[in-house]
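**Q** When you get a sec, could you give me coordinates for this:
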Amino acid sequence: MKWTELYSMQADLDHYIQTNHQVSSDQLFDHKILALFVELGELANETRCFKYWSVKEPSPKETILEEYVDGLHFIISLGLDSRFKVEHVDHMPFNGDLTDLFNQLYRAIDYFRDDRSQASYLTVFGLFLTLADQLGFSDHEIQAAYLEKNKVNFQRQDEHY
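**A** Residues are numbered from 1 along each chain as shown. Next comes the predicted model:
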């Protein structure tokens, strides 16, 4: 994965949003953490992995991928805010089902909110990449979806979303 390119694109988007809304990254860390929690919940909802009471199938792969890259935008943005630009992220070892992985991600994000170390950031990022593996997404699919959503996010800013 070309993380350097995605960090650069995210930095441009963050700068554009912050300029348009007259805010600084220092003011936004907790907002982005909450946004990541929400995006992760939306992703879980589309997978339906926790809905033991329902037999309805998960959303189409494209919908799940779009929700996934929404979360990726916030993970990269949080890394930028913390001055972490990583070129390589290891996927985390994992044994369990998707519900376990989502719960582990929630715990890791909350820990990062308090710790803000590169090690805790890499744990969040690594778990998020492991989630991509579990969902069957290739690096190519993730990067293409990220590039497309980045364009949409710029367009939304221009349209006063």
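**Q** What separation do you get for residue 26 and residue 18?
**A** From residue 26 across to residue 18, the span is 10 Å (CB to CB, to the nearest Å). For the C-beta atoms, the positions are set from N, CA and C on the backbone; glycine is no exception.
**Q** These two: who's more crowded?
**A** Between residue 26 and residue 18, counted using other CB atoms under 10 Å, residue 18 has the larger neighbour count: 14 against 7.
**Q** got a list of what the more buried one touches?
**A** Residues in contact with residue 18 (CB atoms under 8 Å, 6 or more residues apart in numbering) are 24, 25, 28.
**Q** same thing but at 7 Å, please
**A** Residues counted as contacts of residue 18 (CB atoms under 7 Å, 6 or more residues apart in numbering) are 24, 25.
**Q** go on, residue 36?
**A** 71, 74, 75, 78, 109.
**Q** and the two most separated of these?
**A** The largest separation in the contacts of residue 36, counting by CB to CB, is between 71 and 78 at 10.5 Å.
**Q** the more surrounded of the two?
**A** It is residue 78, of residue 71 and residue 78, that has more neighbours when counted by other CB under 10 Å, with 25 against 22.
**Q** quick one: pLDDT of the residue nearest to that one when sequence neighbours are not counted?
**A** Distance criterion CB to CB, 6 or more residues apart in numbering; nearest residue to residue 78, sequence neighbours excluded, is residue 32 at 5.3 Å. Note on residue 32: pLDDT of 98.
**Q** before we move on, what SS does residue 32 have?
**A** At residue 32 the chain is in helix, as set by DSSP: H, G, I helix; E, B strand; the rest coil.
**Q** Verify the contact between residue 129 and residue 89 for me.
**A** Yes - when contacts are counted by CB atoms under 7 Å, residue 129 is listed as touching residue 89 (5.9 Å).
**Q** Need the overlap of contacts for the two.
**A** Common neighbours of residue 129 and residue 89 (criterion: CB under 7 Å, 6+ apart): none identified.
**Q** Settle this for me: residue 56 is touching residue 48, isn't it.
**A** Yes - between residue 56 and residue 48 there is a contact under CB under 7 Å: 6.4 Å.
**Q** Which residue of those two possesses the greater neighbour count?
**A** More crowded of residue 56 and residue 48, by other CB under 10 Å: residue 48, with 16 against 7.
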